[in-house]
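Trainee: Quick one: sequence plus predicted model below, questions after.
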Amino acid sequence: MERLRNRDDLQTALAGLCADAPLLADLAATCPEIPLRLLPSGFAGLSEVVAGQMISKQAAAAIFARLRAACDPLTAETYLALSPEAHAGIGLTRAKQATLDGVARAIADGTLDLAALDALPADEALALLTAYRGIGVWTAEVYLMFCAGHVDIFPAGDLALRIAAADAFGLNERPDAVTLRTLARDWRPYRSVAARILWAHYAQITKRDVLPVG
């Protein structure tokens with residue numbers, strides 16, 4: 001399976017993962033639902049991921065709602081057409097404005113084709129995305145997971161995943177990103193599903209939804 005496109009794909013990938021990862025299978029069985037929560041690909045989806053960097057879900061949702069209202073439809077071209085006053089009213093930080101501006105200009109001038117990028121292998125797509133200012137590994141991985149539907153991406157730097165892994169596997173401390181990424185190698189080729197299981201576990205133990213999107 002190359003991409004997760006719907007809940008049937010998720011169930012197929014979940015079955016494949018759980019067949020080879022009994023600890024994750026047990027963990028998944030305790031979760032009411034393993035979330036799919038796909039976003040549109042392209043500039044709109046990437047904008048939502050960027051808007052959610054390093055802030056609460058509530059704040060991110062409010063900012064992204066203002067961005068969508070200001071740009072209807074939300075495209076690189078409509079974003080670039082916003083006035084400085086409109087930009088200021090959205091609530092994006094200057095750094096995030098600069099990130100979206102750079103990506104939007106690259107799309108508009110043909111330098112960046114997100115549809116073509118989405119179809120690339122994950123390592124190539126990650127390298128291309130992280131070349132843009134303000135798009136780090138976490139942002140690129142989350143975009144590829146939730147917007148492009150990659151099935152074998154694992155954002156090991158995500159704090160909630162580290163907390164969930166420590167709790168689920170009885171670790172004495174939260175694993176760092178390098179340790180968690182090494183652990184996740186055993187969950188290939190379904191690491192995106194493994195991440196979803198751990199986010200679902202985090203939501204269960206904390207009563208908080210910290211999935212990076214939605």
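Mentor: The structure has been received and is ready for your questions.
Trainee: C-alpha only now, for contacts and for neighbours.
Mentor: Will do.
Trainee: Centroid-nearest residue for the protein?
Mentor: Centrality entry for the chain: nearest residue to the mean C-alpha point is V142, 1.9 Å, by CA atoms, centre = their mean.
Trainee: which SS class is that one?
Mentor: When classified by DSSP: H, G, I helix; E, B strand; the rest coil, V142 comes out as helix.
Trainee: gap between the residue of the chain positioned farthest from its centre and R94?
Mentor: Computed with CA atoms, centre = their mean, the residue of the chain farthest from its C-alpha average is E85, at 29.3 Å. For E85, the distance to R94 (CA to CA, to the nearest Å) stands at 13 Å.
Trainee: By mean pLDDT, flag the weakest helix or strand of this structure.
Mentor: Every helix and strand of the chain was ranked by mean pLDDT, DSSP states H and E. The lowest is helix 84-90, at a mean of 91.
Trainee: List the buried residues in it.
Mentor: For helix 84-90, a neighbour-count test (16 or more other CA atoms under 10 Å) marks H87, I90 as buried.
Trainee: Check stretch 123-140 too.
Mentor: Buried residues in stretch 123-140, counted by 16+ other CA under 10 Å: A125, L126, L128, L129, T130, G134, I135, G136, V137, W138, T139, A140.
Trainee: got a list of contacts for it?
Mentor: Here stretch 123-140 makes contact (CA atoms under 8 Å, 6 or more residues apart in numbering) with 49-50, 53, 95-96, 98-99, 102-103, 117-118, 141, 155, 157-158.
Trainee: Quick one: the strands in the chain, in order.
Mentor: In the chain, no strands are defined using DSSP state E.
Trainee: how about the helices of it, start to end?
Mentor: Using DSSP state H, the helices of the chain run over 7-20, 22-29, 43-51, 57-70, 76-80, 84-90, 94-108, 114-118, 122-129, 137-146, 159-168, 177-184, 191-206.
Trainee: Which one, of the ones you listed, ends up nearest to G214?
Mentor: Evaluated with CA to CA, the helices of the chain place helix 57-70 nearest to G214, the distance being 7.9 Å.
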